[in-house]
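1. sequence plus the predicted model coming up.
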Amino acid sequence: MIKYYVYENGSLRETEQSEPGCWISVVQPTPQEVRELVETYGLDSGFVKSSLDEEESSRIEREDDQTLVIIDTPVSSVDDDQTKNFYTQPVGIIITDDYVFTISIKETQIITEAMQGTIRNLRPSFKTRFVLQLLLRIAALFLTHLKQIDKISSAAEQQLHDAMKNELLMQLLALEKSLVYFSTSLKANEATIEKIFRGRVIKLYDEDQDLLEDVLIEMKQAIEMSSIYTGILSSMMDGFSSIISNNLNIVMWRLTIVTIILEIPNIIFAFYGINTVDLPIPYTWFAIALTLFLTSIAAFILLKWKKK
(Lines give C-alpha, C1' and ligand atoms only; values in the text may rest on other atoms or scores of the structure.)
Protein backbone atom coordinates (compact mmCIF):
# COMPACT_ATOMS: atom_id res chain seq x y z
CA MET A 1 0.00 0.00 0.00
CA ILE A 2 1.32 3.42 -0.97
CA LYS A 3 0.10 6.60 0.71
CA TYR A 4 1.13 10.23 0.23
CA TYR A 5 1.37 12.89 2.95
CA VAL A 6 2.09 16.62 2.86
CA TYR A 7 2.59 19.08 5.71
CA GLU A 8 -0.12 21.72 5.90
CA ASN A 9 -1.32 23.97 8.71
CA GLY A 10 0.93 22.37 11.31
CA SER A 11 0.10 18.71 10.59
CA LEU A 12 0.40 15.97 7.99
CA ARG A 13 -2.43 15.52 5.54
CA GLU A 14 -2.97 12.56 3.22
CA THR A 15 -3.24 13.38 -0.49
CA GLU A 16 -4.32 11.43 -3.56
CA GLN A 17 -1.01 11.75 -5.40
CA SER A 18 2.60 12.67 -4.76
CA GLU A 19 4.04 16.14 -5.02
CA PRO A 20 7.55 17.50 -4.40
CA GLY A 21 8.40 17.67 -0.72
CA CYS A 22 5.90 15.03 0.36
CA TRP A 23 6.32 11.86 2.38
CA ILE A 24 5.51 8.61 0.60
CA SER A 25 4.66 5.75 2.96
CA VAL A 26 4.97 2.22 1.57
CA VAL A 27 3.72 -0.72 3.64
CA GLN A 28 3.44 -4.29 2.38
CA PRO A 29 3.80 -3.27 -1.27
CA THR A 30 2.59 -5.53 -4.04
CA PRO A 31 4.98 -6.48 -6.87
CA GLN A 32 3.21 -3.90 -9.04
CA GLU A 33 3.78 -1.19 -6.42
CA VAL A 34 7.44 -2.15 -6.15
CA ARG A 35 7.80 -1.72 -9.92
CA GLU A 36 6.09 1.66 -9.62
CA LEU A 37 8.61 2.78 -7.03
CA VAL A 38 11.50 1.78 -9.27
CA GLU A 39 10.10 2.92 -12.61
CA THR A 40 8.06 6.00 -11.67
CA TYR A 41 10.21 7.45 -8.89
CA GLY A 42 13.52 6.00 -10.01
CA LEU A 43 14.32 4.36 -6.68
CA ASP A 44 17.29 2.02 -6.59
CA SER A 45 15.88 -1.52 -6.77
CA GLY A 46 18.50 -2.72 -4.29
CA PHE A 47 17.41 -0.07 -1.79
CA VAL A 48 13.78 -1.14 -2.12
CA LYS A 49 14.66 -4.82 -1.79
CA SER A 50 16.80 -4.17 1.30
CA SER A 51 13.98 -2.18 2.93
CA LEU A 52 11.62 -5.13 2.48
CA ASP A 53 14.06 -7.70 3.88
CA GLU A 54 13.09 -8.67 7.43
CA GLU A 55 16.64 -9.86 8.15
CA GLU A 56 18.32 -6.64 7.00
CA SER A 57 20.45 -4.98 9.66
CA SER A 58 20.57 -1.28 10.42
CA ARG A 59 22.87 0.69 8.12
CA ILE A 60 23.18 3.82 6.00
CA GLU A 61 24.19 3.90 2.35
CA ARG A 62 24.30 6.44 -0.46
CA GLU A 63 23.98 5.75 -4.19
CA ASP A 64 24.06 8.68 -6.63
CA ASP A 65 21.36 11.12 -5.46
CA GLN A 66 19.60 8.65 -3.14
CA THR A 67 20.32 7.87 0.50
CA LEU A 68 19.10 4.74 2.27
CA VAL A 69 18.75 4.57 6.04
CA ILE A 70 17.64 1.23 7.46
CA ILE A 71 16.72 1.39 11.12
CA ASP A 72 15.38 -1.32 13.42
CA THR A 73 12.18 -0.51 15.26
CA PRO A 74 10.66 -2.44 18.22
CA VAL A 75 7.58 -4.59 17.73
CA SER A 76 5.55 -6.66 20.21
CA SER A 77 3.13 -9.54 19.77
CA VAL A 78 1.16 -12.05 21.87
CA ASP A 79 1.21 -15.80 21.14
CA ASP A 80 -1.77 -18.14 21.40
CA ASP A 81 -0.61 -19.17 24.88
CA GLN A 82 -0.65 -15.48 25.97
CA THR A 83 3.14 -15.26 25.98
CA LYS A 84 4.23 -11.73 25.06
CA ASN A 85 7.16 -11.46 22.67
CA PHE A 86 9.25 -8.48 21.64
CA TYR A 87 11.34 -8.32 18.50
CA THR A 88 12.58 -5.81 15.95
CA GLN A 89 11.64 -5.03 12.38
CA PRO A 90 13.63 -2.95 9.90
CA VAL A 91 12.17 0.16 8.31
CA GLY A 92 13.82 1.63 5.24
CA ILE A 93 13.99 5.39 4.77
CA ILE A 94 14.99 6.53 1.29
CA ILE A 95 15.78 10.19 0.71
CA THR A 96 15.71 11.61 -2.83
CA ASP A 97 15.84 15.18 -4.14
CA ASP A 98 12.04 15.49 -4.16
CA TYR A 99 10.63 12.92 -1.73
CA VAL A 100 11.14 11.00 1.48
CA PHE A 101 10.07 7.34 1.36
CA THR A 102 9.49 4.97 4.27
CA ILE A 103 9.28 1.32 3.22
CA SER A 104 8.45 -1.64 5.46
CA ILE A 105 7.21 -5.17 4.98
CA LYS A 106 4.64 -4.76 7.81
CA GLU A 107 2.77 -2.00 9.58
CA THR A 108 4.85 -0.62 12.47
CA GLN A 109 4.05 1.66 15.37
CA ILE A 110 6.44 4.36 14.20
CA ILE A 111 4.75 4.63 10.79
CA THR A 112 1.27 4.55 12.35
CA GLU A 113 2.16 7.35 14.77
CA ALA A 114 3.61 9.44 11.96
CA MET A 115 0.44 8.99 9.89
CA GLN A 116 -1.79 9.90 12.83
CA GLY A 117 0.18 13.04 13.59
CA THR A 118 1.47 11.83 16.97
CA ILE A 119 4.97 13.07 16.09
CA ARG A 120 4.70 16.84 16.16
CA ASN A 121 6.09 19.14 13.44
CA LEU A 122 7.00 16.26 11.15
CA ARG A 123 7.75 18.05 7.90
CA PRO A 124 8.77 15.89 4.92
CA SER A 125 10.16 18.93 3.11
CA PHE A 126 12.87 19.18 5.80
CA LYS A 127 14.28 15.78 4.91
CA THR A 128 17.15 15.57 7.39
CA ARG A 129 15.00 16.74 10.30
CA PHE A 130 12.21 14.38 9.20
CA VAL A 131 14.59 11.42 9.43
CA LEU A 132 16.00 12.53 12.80
CA GLN A 133 12.52 12.95 14.27
CA LEU A 134 11.66 9.40 13.23
CA LEU A 135 14.91 8.12 14.76
CA LEU A 136 14.22 9.97 18.01
CA ARG A 137 10.75 8.45 18.24
CA ILE A 138 12.13 4.98 17.51
CA ALA A 139 14.64 5.39 20.36
CA ALA A 140 11.77 6.43 22.65
CA LEU A 141 9.78 3.36 21.56
CA PHE A 142 12.70 1.12 22.49
CA LEU A 143 12.77 2.68 25.96
CA THR A 144 9.01 2.17 26.31
CA HIS A 145 9.22 -1.49 25.27
CA LEU A 146 12.17 -2.08 27.62
CA LYS A 147 10.11 -0.74 30.52
CA GLN A 148 7.31 -3.11 29.54
CA ILE A 149 9.78 -6.01 29.56
CA ASP A 150 10.97 -5.03 33.04
CA LYS A 151 7.38 -4.75 34.28
CA ILE A 152 6.39 -8.16 32.87
CA SER A 153 9.51 -9.88 34.24
CA SER A 154 8.95 -8.37 37.71
CA ALA A 155 5.33 -9.54 37.74
CA ALA A 156 6.37 -13.03 36.60
CA GLU A 157 9.03 -13.16 39.30
CA GLN A 158 6.48 -12.36 42.02
CA GLN A 159 4.13 -15.07 40.74
CA LEU A 160 6.95 -17.62 40.55
CA HIS A 161 7.67 -17.07 44.24
CA ASP A 162 4.17 -18.37 44.95
CA ALA A 163 4.15 -21.28 42.50
CA MET A 164 6.41 -22.59 39.74
CA LYS A 165 4.38 -22.54 36.54
CA ASN A 166 5.64 -23.49 33.12
CA GLU A 167 3.76 -20.56 31.55
CA LEU A 168 5.66 -18.06 33.66
CA LEU A 169 9.00 -19.69 32.92
CA MET A 170 8.22 -19.64 29.19
CA GLN A 171 7.37 -15.94 29.47
CA LEU A 172 10.74 -15.23 31.09
CA LEU A 173 12.52 -17.21 28.39
CA ALA A 174 10.68 -15.20 25.73
CA LEU A 175 11.71 -11.94 27.41
CA GLU A 176 15.32 -13.09 27.60
CA LYS A 177 15.23 -13.83 23.87
CA SER A 178 13.60 -10.44 23.19
CA LEU A 179 16.38 -8.62 25.02
CA VAL A 180 18.94 -10.32 22.80
CA TYR A 181 17.11 -9.00 19.72
CA PHE A 182 16.87 -5.53 21.25
CA SER A 183 20.54 -5.39 22.25
CA THR A 184 21.70 -6.41 18.79
CA SER A 185 19.39 -3.96 17.01
CA LEU A 186 20.19 -1.06 19.35
CA LYS A 187 23.92 -1.42 18.80
CA ALA A 188 23.39 -1.50 15.03
CA ASN A 189 21.14 1.56 15.27
CA GLU A 190 23.77 3.38 17.32
CA ALA A 191 26.41 2.70 14.66
CA THR A 192 24.07 4.06 11.97
CA ILE A 193 23.32 7.21 13.97
CA GLU A 194 27.02 7.81 14.61
CA LYS A 195 27.61 7.67 10.85
CA ILE A 196 24.88 10.28 10.41
CA PHE A 197 26.51 12.32 13.18
CA ARG A 198 29.72 12.55 11.17
CA GLY A 199 27.72 14.21 8.39
CA ARG A 200 29.33 12.40 5.48
CA VAL A 201 26.23 10.66 4.13
CA ILE A 202 23.32 12.94 5.06
CA LYS A 203 23.73 16.70 4.98
CA LEU A 204 23.38 18.11 8.48
CA TYR A 205 22.24 21.62 9.29
CA ASP A 206 23.17 23.61 12.38
CA GLU A 207 19.61 23.54 13.71
CA ASP A 208 19.61 19.72 13.50
CA GLN A 209 22.70 19.17 15.66
CA ASP A 210 20.82 19.30 18.96
CA LEU A 211 18.17 16.91 17.66
CA LEU A 212 20.82 14.46 16.47
CA GLU A 213 22.55 14.59 19.85
CA ASP A 214 19.21 13.84 21.52
CA VAL A 215 18.77 10.82 19.24
CA LEU A 216 22.22 9.51 20.11
CA ILE A 217 21.68 10.05 23.85
CA GLU A 218 18.31 8.25 23.78
CA MET A 219 19.78 5.35 21.84
CA LYS A 220 22.71 5.00 24.26
CA GLN A 221 20.28 5.08 27.18
CA ALA A 222 18.24 2.31 25.56
CA ILE A 223 21.42 0.25 25.08
CA GLU A 224 22.33 0.72 28.76
CA MET A 225 18.82 -0.25 29.93
CA SER A 226 18.85 -3.30 27.68
CA SER A 227 22.19 -4.40 29.12
CA ILE A 228 20.96 -3.95 32.70
CA TYR A 229 17.69 -5.82 32.12
CA THR A 230 19.55 -8.61 30.33
CA GLY A 231 21.83 -9.08 33.35
CA ILE A 232 18.93 -9.02 35.79
CA LEU A 233 16.84 -11.48 33.78
CA SER A 234 19.80 -13.80 33.25
CA SER A 235 20.50 -13.87 37.00
CA MET A 236 16.82 -14.45 37.70
CA MET A 237 16.69 -17.41 35.30
CA ASP A 238 19.84 -18.90 36.86
CA GLY A 239 18.28 -18.54 40.31
CA PHE A 240 15.03 -20.22 39.31
CA SER A 241 16.99 -22.96 37.55
CA SER A 242 18.83 -23.67 40.82
CA ILE A 243 15.54 -23.71 42.74
CA ILE A 244 13.99 -26.15 40.26
CA SER A 245 17.06 -28.40 40.47
CA ASN A 246 16.96 -28.31 44.28
CA ASN A 247 13.23 -29.13 44.32
CA LEU A 248 13.87 -32.06 42.00
CA ASN A 249 16.59 -33.37 44.31
CA ILE A 250 14.20 -33.16 47.27
CA VAL A 251 11.52 -35.08 45.37
CA MET A 252 13.99 -37.77 44.31
CA TRP A 253 15.22 -38.11 47.90
CA ARG A 254 11.68 -38.56 49.18
CA LEU A 255 10.97 -41.18 46.54
CA THR A 256 14.17 -42.98 47.52
CA ILE A 257 13.10 -43.03 51.20
CA VAL A 258 9.68 -44.41 50.28
CA THR A 259 11.26 -47.07 48.07
CA ILE A 260 13.68 -48.21 50.80
CA ILE A 261 10.94 -48.32 53.44
CA LEU A 262 8.59 -50.32 51.19
CA GLU A 263 11.31 -52.89 50.52
CA ILE A 264 11.35 -54.00 54.18
CA PRO A 265 7.81 -55.49 54.19
CA ASN A 266 8.50 -57.15 50.84
CA ILE A 267 11.59 -58.89 52.20
CA ILE A 268 9.93 -60.11 55.41
CA PHE A 269 6.70 -61.34 53.81
CA ALA A 270 8.63 -62.95 50.98
CA PHE A 271 10.74 -64.79 53.54
CA TYR A 272 7.66 -66.05 55.38
CA GLY A 273 5.95 -66.91 52.13
CA ILE A 274 8.49 -69.44 50.90
CA ASN A 275 7.96 -73.14 51.45
CA THR A 276 10.34 -73.76 54.34
CA VAL A 277 10.01 -75.42 57.69
CA ASP A 278 11.28 -74.61 61.14
CA LEU A 279 10.90 -70.84 60.70
CA PRO A 280 11.72 -68.86 63.86
CA ILE A 281 8.46 -67.88 65.50
CA PRO A 282 6.23 -68.95 62.56
CA TYR A 283 3.30 -66.71 63.42
CA THR A 284 1.60 -64.16 61.21
CA TRP A 285 1.31 -61.61 64.00
CA PHE A 286 5.04 -61.77 64.58
CA ALA A 287 5.78 -61.11 60.89
CA ILE A 288 3.47 -58.09 60.93
CA ALA A 289 4.94 -56.76 64.17
CA LEU A 290 8.49 -57.25 62.93
CA THR A 291 7.65 -55.48 59.69
CA LEU A 292 6.17 -52.48 61.48
CA PHE A 293 9.10 -52.31 63.88
CA LEU A 294 11.82 -52.47 61.23
CA THR A 295 9.93 -50.07 58.93
CA SER A 296 9.58 -47.52 61.71
CA ILE A 297 13.27 -47.82 62.65
CA ALA A 298 14.34 -47.40 58.99
CA ALA A 299 12.07 -44.40 58.47
CA PHE A 300 13.31 -42.75 61.67
CA ILE A 301 16.99 -43.27 60.78
CA LEU A 302 16.60 -42.03 57.18
CA LEU A 303 14.63 -38.93 58.17
CA LYS A 304 17.08 -38.02 60.95
CA TRP A 305 20.00 -38.43 58.53
CA LYS A 306 18.27 -36.22 55.96
CA LYS A 307 17.85 -33.40 58.52
CA LYS A 308 21.60 -33.44 59.18
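-> It's in.
2. report pLDDT for residue 261.
-> On the pLDDT scale, residue 261 is placed at 67.
3. just the helices in the stretch 51-200 of the chain please.
-> Along the stretch 51-200 of the chain, counting by DSSP state H, counting those that start in this stretch, helices occupy 109-116, 127-162, 166-197.
4. which one, of those helices, ends up nearest to residue 86?
-> Distance to residue 86, taken as C-beta to C-beta, is lowest for helix 166-197 among these, at 3.6 Å. Bear in mind the C-beta positions are built from the backbone N, C-alpha and C, glycine included.
5. is residue 216 in contact with residue 193, as I believe?
-> Yes - under the criterion of C-beta atoms under 8 Å, residue 216 is in contact with residue 193, at a separation of 5.4 Å.
6. more neighbours: which of these two?
-> The residue with more neighbours, out of residue 216 and residue 193, is residue 193; 23 against 19, by other C-beta atoms under 10 Å.
7. which pLDDT does the model give the more buried one?
-> 86.
8. before we move on, back to that, okay if I get the helices of the stretch 51-200 of the chain as a markdown table plus distance to residue 81?
-> Listed next are the helices of the stretch 51-200 of the chain as a markdown table, based on distance: least, C-beta to C-beta, whole Å:
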| stretch | distance to residue 81 |
| --- | --- |
| helix 109-116 | 23 |
| helix 127-162 | 14 |
| helix 166-197 | 7 |
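9. of these, give the one that comes closest to residue 203.
-> helix 127-162 (6.2 Å).
10. next, the angle from the closest one to helix 109-116.
-> 130 degrees (axes from the mean of the first three to the mean of the last three C-alpha atoms, to 10 degrees).
11. can you point out the buried residues in helix 127-162?
-> Buried positions in helix 127-162, judged by neighbour count with 16 or more other C-beta atoms under 10 Å: 127-143, 145-146, 148-150, 152-153, 156-157, 160.
12. got the domain ranges for this structure?
-> 2-246, 247-307 (automatic domain parsing).
13. need the winner for burial among the ones you listed.
-> The highest mean neighbour count among the domains of the chain, using mean count of other C-beta atoms under 10 Å, belongs to domain 2-246: a mean of 17.
14. now that one: how far from the chain's centre is it?
-> 13 Å (C-alpha atoms, centre = their mean, to the nearest Å).
15. quick one, what contacts the residue positioned nearest the centre of the chain?
-> What sits nearest the mean C-alpha location of the chain, by C-alpha atoms, centre = their mean, is residue 178, with 1.7 Å. By C-beta atoms under 8 Å, 6 or more residues apart in numbering, the contact list for residue 178 reads 85, 86, 87, 149.
16. restricted to strands, list those residues.
-> 85, 86, 87 (DSSP state E).
17. for those, which one is nearest residue 224?
-> For the ones in strands among the contacts of residue 178, the nearest to residue 224 is residue 86 (17.4 Å; C-beta to C-beta).
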